[in-house]
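Peer 1: Take this sequence and fold it.
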Amino acid sequence: MKALRWHGQKDLRLDHIEEPAAQPGKVKIKVEWCGICGSDLHEYTAGPIFIPENAPHPITGEKAPIVMGHEFSGQVVEIGEGVTKVSVGDRVVVEPIYACGKCDACKAGYYNLCSTMGFLGLAGGGGGFSEYVAAEEYMVHKIPDSISYEQGALVEPSAVALHAVRQSKLKVGDKAVVFGAGPIGLLVIEALKASGAAEIYAVELSPERKQKAAELGAIVIDPQQYDVVDEIHKRTNGGADVAYEVTGVPPVLTQALNSTKIGGELMIVSIFEKEASIKPNNVVMMERTIKGIIGYRNVFPAVISLMAQGYFSAEKLVTKRIKLDDVVGEGFEALLKEKNHVKILVKAE
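Peer 2: I've put the predicted structure just below:
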């Protein structure tokens, strides 16, 4: 079958590899749609970050070349021995986190913080940029007929957004600001709406992404037109209750922190490629808190339920649909060169 594999930085290849089998405890899925994630893009331009290059991943036992893609939906075509959760023909999405189940984090229920955590599509085990995937049964979640396969491909990134909001101290009626209206930032806006935020501000430069944020109901602030921190304090009468940093750009981290009120909170949702500095007194003198999140845990069912109610709409967020054959040029390179894109979905054929 065809599969996109990471061989090295700026070296993605569409290889022909053996089709996976539904071994005991595994579910074989025919992939329908797979989204290109910001993490995939980081691996392409600056990796390896999560991809094991020189030594096998401790859970999967695999190292590069690795099949990529972890935001995907599909249909069950075969089940391995012992699988009871799903049946052939079920429409599904995959929660792609590998966890050891033995470390302190896993024992405490924080499987996304596992000491050897990895992602299917980044650490091995196959990936969504292929025709078929054989995933562990525990990773597989059924989706109702009311949710399209395109919509299903957004469950994974939507889970990141919902986890970010759930882990923050945001309460119904609070004011929030999202720095960066890329795919995850826009999904955070949706999660904030679902969580009852009274005012949602979005800080973004891209005209297309500003428009998307406005369509989702955010109040857009262009950093080229305003002193962002002053403007947010002015409009919120003292600062946002919670700021979500979703750009991964070091100077923005300081802006996001300083945009919050006394006792406010900064949530770091991005993966940073470079170090970022802050002044500790901006935390201490205002009794602010800073918190980071990675991935998600125990939120896929909630995301699927919210999608059935109309949240995290693919129609509003998907800007391009391409074939697997075109994934590098029309997908990865397009995201680097054309800043008008939000989410690109890849059709596995």
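Peer 1: going forward, measure contacts and count neighbours with C-alpha atoms only.
Peer 2: Will do.
Peer 1: Quick check, central residue of this structure?
Peer 2: Pro157 (3.2 Å; C-alpha atoms, centre = their mean).
Peer 1: and that one, how far is that from Val299?
Peer 2: When distance is defined by C-alpha to C-alpha, to the nearest Å, Pro157 is 11 Å away from Val299.
Peer 1: that older thread, ok, the residue nearest to the centre of the chain touching Glu71?
Peer 2: Yes. Judged on C-alpha atoms under 8 Å, Pro157 makes contact with Glu71 at a distance of 6.9 Å.
Peer 1: Residues that sit against both of these two, list them.
Peer 2: Cys37 (C-alpha atoms under 8 Å, 6 or more residues apart in numbering).
Peer 1: ok, which stretches of this protein are helices?
Peer 2: 38-46, 104-107, 149-152, 155-167, 183-194, 207-215, 228-236, 250-258, 281-284, 300-308, 314-317, 333-337 (DSSP state H).
Peer 1: As TSV, these with mean pLDDT and distance to Ala243 would be great.
Peer 2: Shown next, in TSV, are the helices of the chain (pLDDT from 0 to 100; distance: least, C-alpha to C-alpha, whole Å):
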stretch	mean pLDDT	distance to Ala243
helix 38-46	91	20
helix 104-107	97	26
helix 149-152	96	27
helix 155-167	98	10
helix 183-194	96	11
helix 207-215	93	15
helix 228-236	98	10
helix 250-258	96	6
helix 281-284	96	13
helix 300-308	97	21
helix 314-317	90	22
helix 333-337	91	25
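Peer 1: Let's have the ones you listed in JSON lines, adding distance to Gly173.
Peer 2: Listed next are the helices of the chain as JSON lines, based on distance: least, C-alpha to C-alpha, whole Å:
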{"stretch": "helix 38-46", "distance to Gly173": "30"}
{"stretch": "helix 104-107", "distance to Gly173": "32"}
{"stretch": "helix 149-152", "distance to Gly173": "28"}
{"stretch": "helix 155-167", "distance to Gly173": "14"}
{"stretch": "helix 183-194", "distance to Gly173": "10"}
{"stretch": "helix 207-215", "distance to Gly173": "19"}
{"stretch": "helix 228-236", "distance to Gly173": "12"}
{"stretch": "helix 250-258", "distance to Gly173": "20"}
{"stretch": "helix 281-284", "distance to Gly173": "24"}
{"stretch": "helix 300-308", "distance to Gly173": "19"}
{"stretch": "helix 314-317", "distance to Gly173": "25"}
{"stretch": "helix 333-337", "distance to Gly173": "35"}
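Peer 1: Now tell me what touches stretch 261-279 from outside.
Peer 2: Surrounding stretch 261-279, the residues in contact under the criterion C-alpha under 8 Å, 6+ apart are 39, 46, 164, 168-169, 233, 238-251, 253-254, 256-257, 260, 286-294.
Peer 1: out of those, which are inside strands?
Peer 2: 240-245, 260, 289-292 (DSSP state E).
Peer 1: out of these, which are buried?
Peer 2: Buried members of the ones in strands among the contacts of stretch 261-279, counted by 16 or more other C-alpha atoms under 10 Å: 240-245, 260, 289.
Peer 1: quick one: which of these is nearest to Asp325?
Peer 2: Glu245 (33.7 Å; C-alpha to C-alpha).
Peer 1: residues in contact with that closest one?
Peer 2: 178-180, 252-253, 256, 266-270.
Peer 1: again, only using 7 Å
Peer 2: Counting by C-alpha atoms under 7 Å, 6 or more residues apart in numbering, Glu245 makes contact with 178-179, 253, 256, 267-270.
Peer 1: what's next to stretch 121-140, contact-wise?
Peer 2: 1-4, 19-22, 25-31, 34, 50-52, 57, 60, 62-63, 66-72, 83, 92-96, 120, 324, 348-349.
Peer 1: Mind giving me the PyMOL command for buried ones among those residues?
Peer 2: To isolate the buried subset of the contacts of stretch 121-140 in PyMOL, counting by 16+ other C-alpha under 10 Å, use the following:
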select buried, resi 2+3+4+19+20+21+22+25+26+27+28+29+30+31+34+50+51+52+57+60+62+63+66+67+68+69+70+71+72+83+92+93+94+95+96+120+324+348+349
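Peer 1: Can you tell me how far the residue located most distally from the centre of the chain is from Val327?
Peer 2: Going by C-alpha atoms, centre = their mean, the residue of the chain most distant from its centre is Met285, 32.9 Å out. Separation of Met285 from Val327 (C-alpha to C-alpha): 48 Å.
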